[in-house]
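K.L.:
Take this sequence and fold it.
(one chain, ligands or ions: 2)
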Amino acid sequence: MQISRLGAVLGLFSYFGLATAQTYTSCDPLDKTCPADTALGKSASYDFTSGSSSAFEATGTPTYSDDGVAFTVAKEGDAPLIQSKWYIMFGRVEYVIKAAPGTGIVSSAVLQSDDLDEIDLEWLGGNDNEVQSNYFGKGETTPDNRGATHSVANCHDEFHTYTVDWTSEQLVWQIDGKTVRVLTPETANANQYPQTPMVVKVGIWAGGDPNNAQGTIDWAGGETNYSAGPYTMYMKSLEVTDYSTGSSYSYSNKSGLWESITSDGGKINGNIGADTISSQSAPTITATVSIPIPWPGTHRETSSYVTPDVWPWVTGTGAAAYTGTWSYSGSGQIQPPSAASVIFLPVYISLLAVCAGFIIPLRL
Ligand SMILES: *[C@@H]1O[C@H](CO)[C@@H](O)[C@H](O)[C@H]1NC(C)=O
Ligand SMILES: *[C@@H]1O[C@H](CO)[C@@H](O)[C@H](O)[C@H]1NC(C)=O
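P.N.:
Ligands and ions are numbered 1, 2, ... in the order given. Below you'll find the model as predicted:
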């Protein structure tokens, strides 16, 4: 009994070792020297009601109409998204979004850097009156106290303007021009204030997919019923101001500090000014939320990015529930974990347990 438990522990240990050895981004600048990030370096406006923009790269099949770019979950594994080909180094991003309905469906608008700093907005399909804000620094996931919820009426039925204004001194989230949250380097978790060049990613996924861990399904509001879909999120427009200038941004060392970011041909904070939101006092956060996974939705992206196999911090789950990597098939859709990979872990553990059961008594 004890021996097979040891076997299981050993099995799990090697499994976790395997999983955590994977890289999270194609090149983590805190680990090694990476290619420079292409800079936006100016202001830009994207009107998706007139079609797609070559400044974005799509995963899956977003479509375009008078409502802008549409992201649809029609079946298991659908997770379309668009991602900017440029980065901003501090700035202001204004999304005009109508979130998707549907239990377990997650609409996301995320800023994300190569070392996994993140500034998020997420809407759950089961709640027509709420948006969640969240942030991460260097992919750190603890303490799990960073999510907040904010009221917004009819967010599935109406377009609203969601703004993120991000400087080295404050990060402001606004809904329809009204500040709902302010984060500063002092109020953020230690060393987790977002401060490296970010891309914009907007898309949809099914947090309520029955293959997901129970903790994820619970956070997403329950299991998604694909037959009651399809479920669609829309983004009409995006306005962006990069507060820095130049053609590319680089990490001059592995600190992940904003002071270490350099610009080629421009200046960090060289464009900060006119439309930067002035210093804000923080409104009281009335509701916080424990968001169980650090890389939901839009993080599950293309071949360049391997989602960690195991999220041990997800509550109420065995590792087996999460064994599959959501892989990019190349045909445009992000696929859920295969049944084979879900079966694999228990088999692997059992084998190890059996081996340990044989080997350990022999050596005693
Ligand atoms: C899923 O949706 C379909 C279509 O609306 C409905 O007939 C079915 O009862 C739903 N299933 C569950 C489990 O709610
Ligand atoms: C990285 O660069 C920044 C800015 O020059 C500096 O403040 C910091 O000490 C450096 N960190 C390391 C580990 O070299």
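K.L.:
Please name the bridge partners of Leu171.
P.N.:
Trp166, Leu183 (DSSP bridges).
K.L.:
where does Ala44 fall, phi/psi-wise?
P.N.:
Backbone geometry at Ala44, expressed as degrees, to the nearest 10, gives phi -150, psi 150.
K.L.:
quick one: secondary structure of the closest residue to it other than its chain neighbours?
P.N.:
Leaving aside its sequence neighbours, Ala44 sits nearest to Val240 (C-beta to C-beta, 6 or more residues apart in numbering; 5.3 Å). The C-beta positions use only the backbone N, C-alpha and C, and glycine is treated the same way. Secondary structure assignment for Val240 (DSSP: H, G, I helix; E, B strand; the rest coil): strand.
K.L.:
What is the neighbour count of Val240?
P.N.:
22 (other C-beta atoms under 10 Å).
K.L.:
ok, now which ones touch the closest residue in space to Glu94 that isn't next to it in sequence?
P.N.:
Of all residues not flanking Glu94 in the chain, Glu239 sits nearest, at 4.2 Å (C-beta to C-beta, 6+ apart). Residues in contact with Glu239 (C-beta atoms under 8 Å, 6 or more residues apart in numbering) are 43-46, 92-94.
K.L.:
Just the ones of these in strands?
P.N.:
Judged by DSSP state E, the contacts of Glu239 include 43-46, 92-94 as members of strands.
K.L.:
Buried ones among these?
P.N.:
Among the ones in strands among the contacts of Glu239, those buried by neighbour count (16 or more other C-beta atoms under 10 Å) are 44, 46, 92-94.
K.L.:
Not counting its neighbours along the chain, what's nearest whichever residue of the stretch 51-200 of the chain sits closest to ligand 2?
P.N.:
Taking C-beta to the nearest ligand atom, ligand 2 has its nearest neighbour within the stretch 51-200 of the chain at Gln195, 11.3 Å off. Leaving aside its sequence neighbours, Gln195 sits nearest to Trp258 (C-beta to C-beta, 6+ apart; 3.8 Å).
K.L.:
State the number of residues packed around Lys178.
P.N.:
12.
K.L.:
Would you mind listing what in this protein touches ligand 1?
P.N.:
225, 227-228 (C-beta under 6 Å from any ligand atom).
K.L.:
Show me where the stretch 201-350 of the chain dips below the pLDDT cut-off.
P.N.:
274-350 (pLDDT under 70).
K.L.:
Around ligand 2, which positions in it sit nearby?
P.N.:
252-253, 255, 257, 259-260.
K.L.:
and those residues, which are buried?
P.N.:
255, 260.
K.L.:
which residues in the stretch 101-250 of the chain form helices?
P.N.:
Taking DSSP state H, counting those that start in this stretch, the helices of the stretch 101-250 of the chain run over residues 214-220.
K.L.:
now the buried ones among the ones in strands among the contacts of Glu239 as a markdown table including pLDDT and distance to Cys34?
P.N.:
Shown next, in a markdown table, are these (pLDDT from 0 to 100; distance: C-beta to C-beta, whole Å):
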| residue | pLDDT | distance to Cys34 |
| --- | --- | --- |
| Ala44 | 97 | 24 |
| Tyr46 | 98 | 26 |
| Arg92 | 97 | 26 |
| Val93 | 98 | 23 |
| Glu94 | 98 | 29 |
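K.L.:
before we move on, the earlier item: what sits opposite the residue nearest to Ala44 in the beta ladder?
P.N.:
Ala44, Val93.
K.L.:
shift numbering so it begins at 11
P.N.:
Let's use 11 as the start, then, which means that last one is Val250.
K.L.:
wait, isn't it in contact with Lys52?
P.N.:
No - Val250 is beyond contact range of Lys52, at 9.0 Å (criterion: C-beta atoms under 8 Å).
K.L.:
Got the domain ranges for the chain?
P.N.:
12-26+317-373, 47-302 (automatic domain parsing).
K.L.:
still on that earlier bit, which one of the contacts of Glu249 is nearest Asn281?
P.N.:
Ser53 (7.8 Å; C-beta to C-beta).
K.L.:
residues contacting the residue lying closest to that closest one once chain neighbours are set aside?
P.N.:
Excluding the flanking residues, the one nearest Ser53 by C-beta to C-beta, 6+ apart is Thr251, at 4.3 Å. By C-beta under 8 Å, 6+ apart, the contact list for Thr251 reads 52-53, 98, 101-102, 281, 285.
K.L.:
Now that we have the residues of the chain next to ligand 1, which of them are buried?
P.N.:
Taking 16+ other C-beta under 10 Å as the criterion, nothing in these is buried.
K.L.:
ok so, going back, what's the burial count for the residue nearest to Gln205?
P.N.:
Residues contacting Trp268 under the criterion other C-beta under 10 Å number 20.
K.L.:
same check, this time on Asp77
P.N.:
If you count neighbours by other C-beta under 10 Å, Asp77 ends up with 15.
K.L.:
which ones are touching it?
P.N.:
Neighbours of Asp77 in contact, by C-beta under 8 Å, 6+ apart: 59, 108, 244, 246.
K.L.:
Settle this for me: Gln184 is touching His170, isn't it.
P.N.:
No - assessed by C-beta under 8 Å, Gln184 is found out of contact with His170, at 10.2 Å.
K.L.:
who has more neighbours, the two?
P.N.:
A count of neighbours by other C-beta under 10 Å puts Gln184 above the other of Gln184 and His170, at 20 against 17.
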